[in-house]
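> Below is the structure, and that's it, no one-letter string:
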């Protein structure tokens, strides 16, 4: 085994330097060719729009009375007809007196990429790409650079060069020596890993976004073989589902592939505990026959067209994935006659009932004591068995938090939050689940869940505790205010209504402290303490909420509340009183925002919520709930 690994290492060690030398042997020639292509032609180009001799057939002057009205300038207008003749006209231009107040300078601000939701960024790189405010002697550049381990331009060659060299070396090794990319990574020779820490197909698909070096372009199509080597052949439904879930975020806040908020998480699917088939007596049935082969017309089939072991396993998996599906619906999905699906459902349901009574007894013994959800500790559980004190693998029970929909435990897991039944308790034609209405979800700072709470589906009630989830935000515009730019309502808002969500990058504490050095220098901070793990920074990505200016607590017309929405902490800004359209939104940043060296700037309208120190974040978070 050791000799085989040594042989693989030797092959990679031979290919990588050879590709490196080939790359830089051609780099000078290709760079020179690209630079020459940018040079302009020394010879003037002929005008393709020349019509021969120009003949002015008419000359129009403005009226005399127009010329006496203080006109100081004129310009000549030429009209060319299809025949090539030109008509010339003199057009007067009114003089406008300009003053310094005509073009007032824009208030200082930072560019910001618009974002509808939070983006998980984590930590900034350890390499410093450039020094901000390098020409400003008042900026503490030495303090800022000491936060980084190295300077990007001094520590290593350009990343793209290393990427292309590693990519070409990996292609040669995979195609010529019949090795996998995991084998290449195991040698730890190539500087760019393709399987860890991020899937290699992300790096390979960078080919679609960046320009390939000219000497590699003839081989460009062969890089698809690297993509294909990742997607192993799957012969069952579970393998196909796992391949999809590895890139698709099932969190209802996202419901998309490669989401920005959870891109570092692995979305798992537990094939043994997530779904349970109903008893054979409770199989959902259709009302009308779907076709001639429907189970309603032919009854239970005793002759099955499916008999292979792999095919039966796939059907069993499909039935577990869609336990609520009727035989007619599953027949369309599996392309199997409906009466056969009905027979198979009964067979699989009978198997699923074995041992069910033991599970139900154990579930009754599980009790959740803590109603406080702390997403910084939340990791969706994925394990065998029940979520209780006897299962040490359950991270939710260990952290004393509720299981969420992203967990792989059964839907009837006693560790899950049950939601509210306000619609059944409070009657009809009312607004439910808001402040002072006794909603259990609202009391523990959770928004109501459409999968758990009955307030979503009753036709005569309105849930007021789902505004962040449903995106029920007010229309806001950014305009000049008394303190730089400000945020103004363009529609009215009632008390306790959601104004907007505060979005930005989710960053860790060390990055918050490093960015705070730049924020202090420029006098504007956009950091908001979210929980003990993450801060929300809207410096580089966010929405209009970053322009809301400060006002003392008694004058502020909106306040922030942190709520749990499908397992995620999200910051909502809510109206403290009724406001008309055109009102400027004002928020109390808190005492910690105005640092001692910025106390003189308190009336300058610094944009951004308060950013307490790491030791004070827990207190601030509890105070905003």
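Arrived safely. Source: prediction; values computed, not measured. Residues are numbered from 1 along each chain as shown.
> What segments of the stretch 301-450 of the chain are strands?
Assigned by DSSP state E, counting those that start in this stretch, the strands in the stretch 301-450 of the chain fall at 430-432.
> Could you list the domains of the protein?
Split into domains by automatic domain parsing, the chain comes to 1-30+158-232, 56-93, 280-352, 422-465, 472-624.
> in this structure, which helix has the most residues?
In the chain, assigned by DSSP state H, the helix with the most residues is helix 2-37.
> Does anything pack onto it? Which helices or strands?
helix 159-177, helix 181-187 (3 or more C-beta pairs under 8 Å, 6 or more residues apart in numbering; DSSP states H and E). The way it works is simple: take the backbone N, C-alpha and C, and place the C-beta from them, glycine included.
> Residue 591: which of those helices is closest?
helix 159-177 (42.9 Å; C-beta to C-beta).
> tell me the mean pLDDT for that closest one?
Mean pLDDT, taken over the full extent of helix 159-177, equals 81.
> what helices or strands is it leaning on?
Using 3+ C-beta pairs under 8 Å, 6+ apart, helix 159-177 is in contact with helix 2-37, helix 181-187, helix 200-204, helix 224-230.
> let's see it at 7 Å
Helix 159-177 makes packing contacts with helix 2-37, helix 181-187, helix 224-230 when contacts are defined by 3 or more C-beta pairs under 7 Å, 6 or more residues apart in numbering; DSSP states H and E.
> Now do that helix against helix 2-37: the angle between them, please.
130 degrees (axes from the mean of the first three to the mean of the last three C-alpha atoms, to 10 degrees).
> What residues of helix 159-177 count as buried?
Applying a neighbour-count criterion of 16 or more other C-beta atoms under 10 Å, the buried positions in helix 159-177 are 162-174.
> same deal with stretch 517-535?
Along stretch 517-535, the positions that meet the burial threshold by neighbour count (16+ other C-beta under 10 Å) are 517-519, 521-522, 524-531, 533-535.
> Start and end of that stretch, how far apart?
For stretch 517-535, the first-to-last residue distance is 15 Å (C-alpha to C-alpha, to the nearest Å).
> and it, average pLDDT?
Stretch 517-535 carries an average pLDDT of 89.
> Mind jotting down where the helices sit in the stretch 251-400 of the chain?
Secondary structure of the stretch 251-400 of the chain (DSSP state H, counting those that start in this stretch): helices located at 295-298, 309-321, 327-334, 338-352, 356-363, 395-398.
> Check the domains of the chain for me: which has the lowest mean pLDDT.
Across those, the stretch with the lowest average pLDDT is domain 56-93; it has a mean of 66.
> any idea which of the buried residues of helix 159-177 is closest to residue 477?
After measuring the buried residues of helix 159-177 against residue 477 - C-beta to C-beta - the closest member comes out as residue 163, at 42.4 Å.
> which ones are touching the closest one?
With contact set as C-beta atoms under 7 Å, 6 or more residues apart in numbering, residue 163 has these partners: residue 192.
> and if you look at residue 391?
Contact partners of residue 391, counting by C-beta under 7 Å, 6+ apart, are 383, 385, 397.
> Most neighbours among the residues you listed, which one?
If you count neighbours using other C-beta atoms under 10 Å, the busiest of these is residue 397, which has 24 neighbours.
> residues near the closest residue in space to that residue that isn't next to it in sequence, how many?
Spatial nearest neighbour of residue 397, chain neighbours left out: residue 387 (5.1 Å); criterion: C-beta to C-beta, 6 or more residues apart in numbering. Neighbour count for residue 387, taken as other C-beta under 10 Å: 27.
> Let me know the pLDDT of residue 387.
According to the per-residue confidence, residue 387 scores 86 in pLDDT.
> What are the phi and psi values at it?
Its backbone dihedrals place residue 387 at phi -90, psi 90, with angles given as degrees, to the nearest 10.
> Could you report the distance from it to residue 17?
53 Å (C-beta to C-beta, to the nearest Å).
> swap in residue 115?
Residue 115 is 43 Å from residue 17, where distance means C-beta to C-beta.
> So between these two, which is more surrounded?
More neighbours surround residue 115 than the other of residue 115 and residue 17, with 16 against 13 (other C-beta under 10 Å).
> ok, back up a step: what about the helices and strands packed on helix 2-37, which gets the closest to residue 483?
Nearest of the helices and strands packed on helix 2-37 to residue 483, taken as C-beta to C-beta: helix 159-177 at 41.0 Å.
> Give the buried residues for the longest helix of the chain.
8, 11, 12, 15, 16, 19, 20, 23.
> does the first one really touch residue 188, like I thought?
No - with contact defined as C-beta atoms under 7 Å, residue 8 does not count as touching residue 188 (11.0 Å).
> Enumerate every residue touching the residue nearest to residue 397.
For residue 387, the set of contacting residues under the criterion of C-beta under 7 Å, 6+ apart consists of 366, 381, 394, 396, 397, 403, 409, 413, 415.
> Just the pLDDT at the first one, thanks.
Think residue 366. Among the per-residue scores, residue 366 holds a pLDDT of 36.
> do the same with residue 238
At residue 238, the pLDDT value in this model is 63.
> Make residue 1 into 46 and carry on from there
Taking 46 as the first residue, the last one we looked at is residue 283.
> Quick one: mark the members of the buried residues of stretch 562-580 that sit in helices.
Using DSSP H to define helices, the subset of those located there is 562, 563, 564, 566, 567.
> Distance to residue 519 added to these, as CSV?
As requested, these are arranged in CSV below (distance: C-beta to C-beta, whole Å):
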residue, distance to residue 519
562, 34
563, 31
564, 27
566, 33
567, 29
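> Out of the residues you listed, which comes closest to residue 133?
For these, with residue 133 as the reference and C-beta to C-beta as the criterion, the closest is residue 567, at 53.7 Å.
> and residue 605, which of the three is it?
Secondary structure for residue 605, judged by DSSP: H, G, I helix; E, B strand; the rest coil, is strand.
> I'm done for today, thanks for sticking with me.
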